[in-house]
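> Next one to model:
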Amino acid sequence: MKALFLGFILFFQTTLFAQTFNVIDFGAKADGITRDTKAVQNAIDACTKNGGGTVVIPSGKTVVIGTIYLKDFVTLRVENGAVLLGSPNYADYTTDTHKNTYKNEPHMDRCLIFASNAKSFAIEGYGAIDGNGSPKNFKKKNGDGRPMLLRFLNCKDIRMNNITLQNPAAWTSAWLYCDEIVVDGIKIVSRINHNGDGLDFDGCTNVRVSNSSFDTSDDSICLQTSRADKPCKDITITNCVFTSKWAAMRIGLASRGDFDSVTVSNCTFHDILDSGLKIQMNEGGEMKNMIFSNLVMRNVPRPIFMTFCQQRAGVDAPLEMIPMKAMHSFVFDGIIADNKALDKNSAIFITGMPNHYITDIQLNNIEMTVSGGGTKQDAKNVIKEYTLETLGNWWPEFGKVGTLPASGIYARHINGLYVNNVHVHTVNKDERPVVAFDDVKNYEVSKVYLNRKPISKKQFVKK
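Residues are numbered from 1 along each chain as shown. I've put the predicted structure just below:
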């Protein structure tokens, strides 16, 4: 009884003295029409000025805003049944919210919610933040643009819990050079307006993402390094569900800095248009020490797509190509990929460049079902190299290479590739080898099966 009484007193004190700042009390009309930007910002400013607390978007209300600025010790809570709605007017989005770090995309420089050099803030609640990002509101022509939903710059100790982020006009979020991030139990739906990335962590450290779902028109989660002095490291992603019009997880493209210590586990992927795990080193950083385990994929072409090449991705990257550095130490363990409904290129594809190898890769305990249908001519196909000449000014995408000469795994320019306990099932007869290596050094292939039988010598080809 004493413990119960003390617990009640603690709850009462916490509830009594917790500071809440309801946007209605600061003049918000919350009628779904009126621009309530000033009222919401005033509530945020009062909250941080008074030492922190919670700014509340109340249940049953739709609050329309232009750009707002989160600050120290503020928790923005969008309550169940509430919507924080982006203005449909591009002029309501300010120009002092940093920029998009990718080249050729200044139309995504503005954003709805911004924080710079802020610490210990949060976004939570069972309501929704809606970008209102339909093409009828936001498009690139006539000098207009497509604002992102969230952008955080040089921030620390960020929490995002149980919120729905939906309908951004561009990316859902860009986290730039932030530290100590926890994202848990969120839902992202970003299909309304072209390349709607989900969570983009650029040069961030100590990141934990869990128990979340993603339905995106571009990369659901992206790890990047647009600055050479800002690594992306100590990242864990677990217990998530992905569907995407492009890639589920992309690591790289923007890759001037290092990537180190990434784990992805216990996730499901379905109905991906491009790739499941898309890992790409381009701009001179080092990428290493990553584990991907216990993953289930359905209708995901190229469950693993890895490239090591040169391409300028960032808006601030030097015009000259930076010398290639290193890409090594990757473990893939426990993957089921059911791609029987897809085309004959639903295979694992890993490529370095001549004299620039990806090193030390393990592919363990993988089960793949593919449609098959590859011909003898397909088996002879020579894959184009990812060079500046073949890529031009574009990204190293799969569409640059043509049909793969293998039904299960194709790898080239690798030093240290270890394949163990891989099972490939084909729906239709396939004349290609199950495994094809081109310029692969220091390898071992063991326990590889085709339709439940050990592969023959002709089903493993090495050039």
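> residue ranges for the helices of this structure, please.
2-17, 37-49, 376-379, 388-391 (DSSP state H).
> Need the distance between the two termini of stretch 135-151.
One end of stretch 135-151 to the other measures 21 Å (Cα to Cα, to the nearest Å).
> Please apply the same query to stretch 390-399.
Stretch 390-399: ends 11 Å apart by Cα to Cα.
> Show me which positions of that stretch end up buried.
Leu391, Trp395, Pro396, Glu397, Phe398 (16 or more other Cβ atoms under 10 Å). Every residue, glycine included, has its C-beta placed from N, CA and C.
> Grab the nearest non-local neighbour of the fourth one.
In this case it means Glu397. Asp274 (7.7 Å; Cβ to Cβ, 6 or more residues apart in numbering).
> wait, doesn't the one you found sit right on Phe398?
Yes - here Asp274 reaches Phe398: they are 7.0 Å apart, a contact under Cβ atoms under 8 Å.
> joint contacts of these two?
Common contact partners of Asp274 and Phe398 (Cβ atoms under 8 Å, 6 or more residues apart in numbering): Pro301, Arg302, Phe305.
> Contact partners for the last one?
When you say that, I think you mean Phe305. Ala247, Asp274, Ser275, Gly276, Leu277, Lys278, Ile279, Ile348, Phe349, Ile350, Phe398.
> can you check Gly416 too?
Contacts of Gly416 (Cβ under 8 Å, 6+ apart): His328, Thr359, Asp360, Ile361, Lys441, Asn442, Tyr443.
> Distance check, Thr20 against Pro168.
Distance of Thr20 to Pro168, computed by Cβ to Cβ, to the nearest Å: 27 Å.
> what about the two, which has more around it?
The neighbour comparison of Thr20 against Pro168 (other Cβ atoms under 10 Å) goes to Pro168, with 34 against 14.
> Now the more buried one: phi and psi?
As for Pro168, its main-chain torsions (degrees, to the nearest 10) stand at phi -70, psi 150.
> cool, Gly372 as well?
Dihedral angles for Gly372 - degrees, to the nearest 10 - are phi 70, psi -160.
> How many residues are close by it?
So Gly372, with other Cβ under 10 Å, has 19 neighbours.
> Model confidence score at it, please.
For Gly372, the model assigns a pLDDT of 96.
> cool, Lys139 as well?
The model's pLDDT for Lys139 equals 84.
> how near is it to Ile279?
32 Å.
> pLDDT added to the shared contacts of Asp274 and Phe398, as TSV?
Formatted as TSV, those follow (pLDDT from 0 to 100):
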residue	pLDDT
Pro301	95
Arg302	96
Phe305	97
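> could I get these as JSON lines with distance to Ala128?
Converted to JSON lines, the shared contacts of Asp274 and Phe398 look like this (distance: Cβ to Cβ, whole Å):
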{"residue": "Pro301", "distance to Ala128": "31"}
{"residue": "Arg302", "distance to Ala128": "32"}
{"residue": "Phe305", "distance to Ala128": "32"}
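> before we move on, back to that, which one of the contacts of Phe305 is nearest to Thr263?
Minimum distance to Thr263 across these is 12.3 Å, recorded for Leu277 (Cβ to Cβ).
> what bridges to the closest one?
Met249, Ile304 (DSSP bridges).
> wouldn't it be in contact with Phe292 here?
Yes - taking Cβ under 8 Å as the definition, Leu277 is a contact partner of Phe292 at 6.0 Å.
> Report the set of residues contacting both of the two.
With Cβ under 8 Å, 6+ apart as the test, Leu277 and Phe292 both reach Val264, Ile304, Phe332.
> if I pick the second one, what's in contact with it?
Residues touching Ile304, when contacts are defined by Cβ under 8 Å, 6+ apart, comprise Ser275, Gly276, Leu277, Ile279, Phe292, Phe332, Ile335, Ile348, Phe349, Ile350, Leu363.
> any weak-confidence spans in the stretch 201-350 of the chain?
The model of the stretch 201-350 of the chain has no residue with pLDDT under 70.
> could you pull out the strands for it?
205-210, 213-216, 221-225, 232-238, 241-244, 247-255, 259-272, 275-281, 286-298, 304-308, 326-339, 348-351 (DSSP state E, counting those that start in this stretch).
> Neighbouring strands of the first one in the sheet, and parallel or not?
Strand 205-210 has these partner strands in its sheet, going by DSSP bridges: strand 179-184 (parallel), strand 232-238 (parallel).
> Most tightly packed of these?
strand 232-238 (a mean of 20; mean count of other Cβ atoms under 10 Å).
> now that one against strand 259-272, angle please.
40 degrees (axes from the mean of the first three to the mean of the last three Cα atoms, to 10 degrees).
> could you give the angle of the longest strand along the chain to strand 304-308?
Using DSSP state E, we find that the single longest strand of the chain is strand 409-426. Interaxial angle, strand 409-426 versus strand 304-308 (the same axes, to 10 degrees): 170 degrees.
> Please spell out which residues along strand 409-426 are buried.
Those buried within strand 409-426 under the rule 16+ other Cβ under 10 Å are 409-417, 419, 422-426.
> So what's the predicted local confidence for Leu6?
43.
> what do you get for Thr34?
98.
> hang on, it packs against Gly66?
No - look at Thr34 against Gly66 with Cβ under 8 Å: they stay out of range, at 11.9 Å.
> Give me the below-cutoff pLDDT ranges for the stretch 51-200 of the chain.
Ranges of the stretch 51-200 of the chain meeting pLDDT under 70: 142.
> ok, what's across the strand from Ile361?
Applying DSSP bridges, one finds that Ile361 bridges with Phe330, Leu417.
> Kindly provide the distance from it to Gln166.
37 Å.
> Taking the centroid of this structure, which residue is nearest it?
In the chain, the centroid-proximal residue (Cα atoms, centre = their mean) is Ile221; its distance is 1.1 Å.
> got the contact list for it?
Gly198, Leu199, Asp200, Phe201, Val209, Phe214, Ile237, Cys240, Phe242, Ala248, Met249, Arg250 are the contacts of Ile221 under Cβ under 8 Å, 6+ apart.
> would JSON lines of those with distance to Lys187 be doable?
Listed next are the contacts of Ile221 as JSON lines, based on distance: Cβ to Cβ, whole Å:
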{"residue": "Gly198", "distance to Lys187": "10"}
{"residue": "Leu199", "distance to Lys187": "12"}
{"residue": "Asp200", "distance to Lys187": "17"}
{"residue": "Phe201", "distance to Lys187": "18"}
{"residue": "Val209", "distance to Lys187": "13"}
{"residue": "Phe214", "distance to Lys187": "8"}
{"residue": "Ile237", "distance to Lys187": "15"}
{"residue": "Cys240", "distance to Lys187": "11"}
{"residue": "Phe242", "distance to Lys187": "12"}
{"residue": "Ala248", "distance to Lys187": "15"}
{"residue": "Met249", "distance to Lys187": "17"}
{"residue": "Arg250", "distance to Lys187": "20"}
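> What is the nearest of the buried residues of stretch 390-399 to Asp109?
Trp395 (20.4 Å).
> Quick check: the closest one touching Gly252?
No - with contact defined as Cβ under 8 Å, Trp395 and Gly252 do not form a contacting pair (10.0 Å).
> tell me, what's touching these two both at once?
In contact with both Trp395 and Gly252: Gln280, using Cβ under 8 Å, 6+ apart.
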